[in-house]
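Student: any chance you can model this:
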Amino acid sequence: MKTFLELLRDSALSIVFHVAPRFANVLIFILIGRLAGPDQAGIFSLATTYLLIVTTIMRGLDDLLIRQVAREPDRAAGYYANFLALRLVFSAMLYVALIFIVQVVLNYADTTSGPILVLTLSVLPDSLAFVAQSVLLGQRRFGAPAAILGGANVFKLIIGTIVLLRGGSLMDIAWIWLIGSGLAMIVLLFVAMKQIGGLRATDWLDFSPLKTHWRTALSFTAITVLTALDSQTDTVLLSIFRSEAEIGWYGAATTITFSLLMLAQAYRFAVYPLMTRHAQHAPERLARLYHKSMHYMGVVAMPMVVGIIVLAQPIVLLIFGPKFLPTVPVLQVLIVSLLFFFLSEPCNRVMLVKDRQRMTLGFLSVSASTNVVLNLMLIPKFGAVGAATARVCSATLYFMLNYGYVSRKLVRNADLKSLIRPAIATAIMAACAIVMMSSHVVINIAISACVYFAALWGVRGIQREDANLLRDTLTRRFR
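Tutor: Modelled structure (predicted):
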């Protein structure tokens, strides 16, 4: 029972440091789209895509670091020093490779390549900041990353908005992003250093943690390389086959979809250290946590997916304006992938804590290859809608492979029957949203959300023990 409340608390804090960067990106993207049009928004979307690629490639090292600090908290200082050195060298190499790709291989115009190269230079401070964050998360210290990254992105958002409203350029925004990332890095490194009690000279010279886990590090890195390939190939290929405006329309759809995906990723960071400890000391609790996670991922994802499919046009008009109407069919297709991304997260965590990263790597290889092939087939003819279709197909395939393995090999009685009740509540909510189509979209969303939670409660889609625990906790707090 206590575990459920801890997960709620840690997930809420994780949402802050995951949503904050996305929130700043989203609002700046919207502002650029409204002030400068889809072309400039497309360039900004392309720049942030390349930054995501180079940072995602190294996220596997973060997952490994979180897992090892959770397993061996007394060796946190050694892991911290080793991974700082590794990430610094790796990120510098990736940035040099990116310069070559942008300026030589793809040969973008200067107006496109300039903002990309400045903004993606943030990979250097971001990489070191993520090492510090991973050490804190491995110790289940979520408050500091939430406050620091939240503050840094508020800085980016406020200064960026002021600059844009005064007629600033994309290059100005790129420099603001770099400065904000540098500030976050400095503070996070200091906090993590203090948390582990400082670093000694022997910590910097002792590479035994990396020597012990170098094979695992390669597997984790390969997983995130494929994840980056799977998740960002579409935007890069669009930049080759289509115009900046179409990148902007597709960027609007991915902005909405991936902003919501941050909720699943926040839960991932909250549940990962806990799953790691359960896997070592209480396997039966790991199974219960997995079942609960799958259920609540469905509870959260299904109404968002169906609601956005129904209300895609008014949502796009409200957020981006009439210049982005071509985004509507793209969003209606792309948002389906959100459900499979959500449901994949508990499977991913179980695979990693059970040391099945090689199987995950195999599944990602199939999924990423499928995504690239489908993008090459569909983008030239269908543009952004084709890219969205490829994303949905690859996400569905990856979930089916991952879930199938977990249910057969790792967790007993793993099925999706618990999603039936949230599905019923979602259908009731969708009917309400359709009936209210003539009302303002904000009113429609608010009433439909209330209908969904009422229906969910009515069909007992919220597990009784969790509902009782929440009620008792809130009662004590208000008293």
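
Student: just the helices in the stretch 101-250 of the chain please.
Tutor: Remark: helices assigned in the stretch 101-250 of the chain by DSSP state H, counting those that start in this stretch are 110-120, 123-138, 143-165, 170-195, 201-205, 208-241, 244-281.

Student: and the third one with helix 123-138, angle?
Tutor: Between helix 143-165 and helix 123-138, the angle formed by their directions is 150 degrees, by axes from the mean of the first three to the mean of the last three Cα atoms, to 10 degrees.

Student: go on, the first one?
Tutor: Here helix 110-120 runs at an angle of 30 degrees relative to helix 123-138 (the same axes, to 10 degrees).

Student: give the rounded mean pLDDT of helix 110-120.
Tutor: Taken as a whole, helix 110-120 has a mean pLDDT of 89.

Student: got it, and the third one?
Tutor: For helix 143-165, mean pLDDT rounds to 85.

Student: roughly how far is it from the heart of the chain?
Tutor: Distance of helix 143-165 from its chain centroid, counting by Cα atoms, centre = their mean, to the nearest Å, is 18 Å.

Student: and the angle from that helix to helix 170-195?
Tutor: Using the same axes, to 10 degrees: helix 143-165 against helix 170-195 is 170 degrees.

Student: what helices and strands are in contact with helix 143-165?
Tutor: Applying 3 or more Cβ pairs under 8 Å, 6 or more residues apart in numbering; DSSP states H and E, one finds that helix 143-165 contacts helix 2-36, helix 123-138, helix 170-195. In this view, the C-beta of every residue, glycine as well, is placed from N, C-alpha and C.

Student: would you reformat those as CSV and include distance to V69 and mean neighbour count?
Tutor: Formatted as CSV, the helices and strands packed on helix 143-165 follow (distance: least, Cβ to Cβ, whole Å; neighbours: other Cβ atoms under 10 Å):
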stretch, distance to V69, mean neighbour count
helix 2-36, 15, 19
helix 123-138, 3, 25
helix 170-195, 10, 20
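
Student: residues touching P422, list them.
Tutor: 295, 298-299, 302-303, 456, 461 (Cβ atoms under 8 Å, 6 or more residues apart in numbering).

Student: determine which two of these are furthest apart.
Tutor: H295 and P303 (14.0 Å; Cβ to Cβ).

Student: compare these two (neighbour count), which wins?
Tutor: Neighbour tally, H295 and P303, criterion other Cβ atoms under 10 Å: the higher count belongs to P303, 26 against 21.

Student: state the distance from that one to G167.
Tutor: 41 Å (Cβ to Cβ, to the nearest Å).

Student: which of the helices of the stretch 101-250 of the chain sits closest to G60?
Tutor: helix 208-241 (3.3 Å).

Student: how big is the angle separating the closest one from helix 110-120?
Tutor: Angle, helix 208-241 to helix 110-120, by the same axes, to 10 degrees: 160 degrees.

Student: mean confidence for helix 208-241?
Tutor: Helix 208-241 comes out at a mean pLDDT of 73.
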